[in-house]
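>>> Here is the input, now give the coordinates:
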Amino acid sequence: MAITATTENKTARITIDAPDRRNALSPALIQDLTDALETAAQNEDVRSVILDHTGSTFCSGADLAAVGDTPPEQVTANFIGLLRTVVELSKPVIAVVDGNVRAGGTGLVASCDMVFASPGSSFATTETRIGVAPAMIALTVLPRLSSRAASRYLLSGERFDAATAERQGLVTEVVDDPRAQAAALADGLLKCSPQGLRETKMIINQHVIDGFNAGADALAAKSAELFASEEALEGITSFLQKRAPSWAQ
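This is a model prediction of the structure:
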């Protein structure tokens, strides 16, 4: 299993634990992460969830080498299901970022209710550089970023630092010790009632859920279509071969 899950002091800590794959989102990891989140949701003793990671990368996005024979439609549906699980979870989800976040990982970060990042962390939505579009992560990233920041970073795929991520709304706060800050906030949430947390989170995220209801199916279909295209084949192949794609200047 590519994750670990523990519960202590009414806080579930779910850790993405595949550092050798840069914590990339393989079909198996997506399923394991979804299952762990749903288990935390069903545990009446859990008040909040901390989403953590091992290694120097929070999540590098889709595991392009592990998709194999899984149909693109299934991959996109499962990933959107994961994002929706975080957004709709009945308990606050706090992300700990202490390293790199790329592509689908950015969508996962954006789905969380609060995000604490270390000063050296970096972010990038790199889909355009491999011939696809950030269609699925748009469901969670666009409600967080300012429109100008979204235009710049989703189109260019360029890297931006933690301070920029905080300034543009993707990160709650940049702190020297994001794990300690997340734990302190989780402790503070113990003063809040489960019902109060649940209903307040629903109010805050209702517009995001409305976006899923209105556009998730179309965005999933668009993503699957793009991943099956010739340009995406070239982009993914060049990525795996560690070379520039044919269109890069």
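>>> quick one: which helix or strand includes the residue lying closest to I236 once chain neighbours are set aside?
Spatial nearest neighbour of I236, excluding adjacent residues (CB to CB, 6 or more residues apart in numbering): L64 at 5.1 Å. Bear in mind the C-beta positions are built from the backbone N, C-alpha and C, glycine included. Using DSSP states H and E, L64 is not contained in any helix or strand.
>>> Check the gap between I236 and G157 for me.
Here the criterion is CB to CB, to the nearest Å. By it, I236 lies 14 Å from G157.
>>> So for those two, which sits in the more crowded spot?
Of the pair I236 and G157, I236 is the one with more neighbours under other CB atoms under 10 Å, namely 19 against 16.
>>> how about the helices in this protein?
27-42, 72-88, 104-111, 138-141, 147-156, 162-167, 178-189, 194-227, 230-240 (DSSP state H).
>>> Low-confidence bits of this protein, can you list those?
Residue ranges of the chain with pLDDT under 70: 67-69.
>>> give me that answer again for 90
Low-confidence segments of the chain (pLDDT under 90): 1-2, 62-76, 227-228, 240, 249.
>>> So which residue of it lies furthest out from the middle?
Q249 (29.7 Å; CA atoms, centre = their mean).
>>> which residue is nearest the middle of this structure?
L108 (1.0 Å).
>>> For H53, see how far away that one is.
L108 is 10 Å from H53, by CB to CB.
>>> A248 too?
29 Å.
>>> Show me which of those two is the more surrounded one.
Shown here are A248 and H53; by other CB under 10 Å, H53 has more neighbours (25 against 9).
>>> what's near enough to touch the more buried one?
15-17, 23, 59, 96-99 (CB atoms under 8 Å, 6 or more residues apart in numbering).
>>> Would you point to the one among the helices of the chain that's packed deepest?
helix 104-111 (a mean of 27; mean count of other CB atoms under 10 Å).
>>> Now do it against helix 147-156: the angle between them, please.
160 degrees (axes from the mean of the first three to the mean of the last three CA atoms, to 10 degrees).
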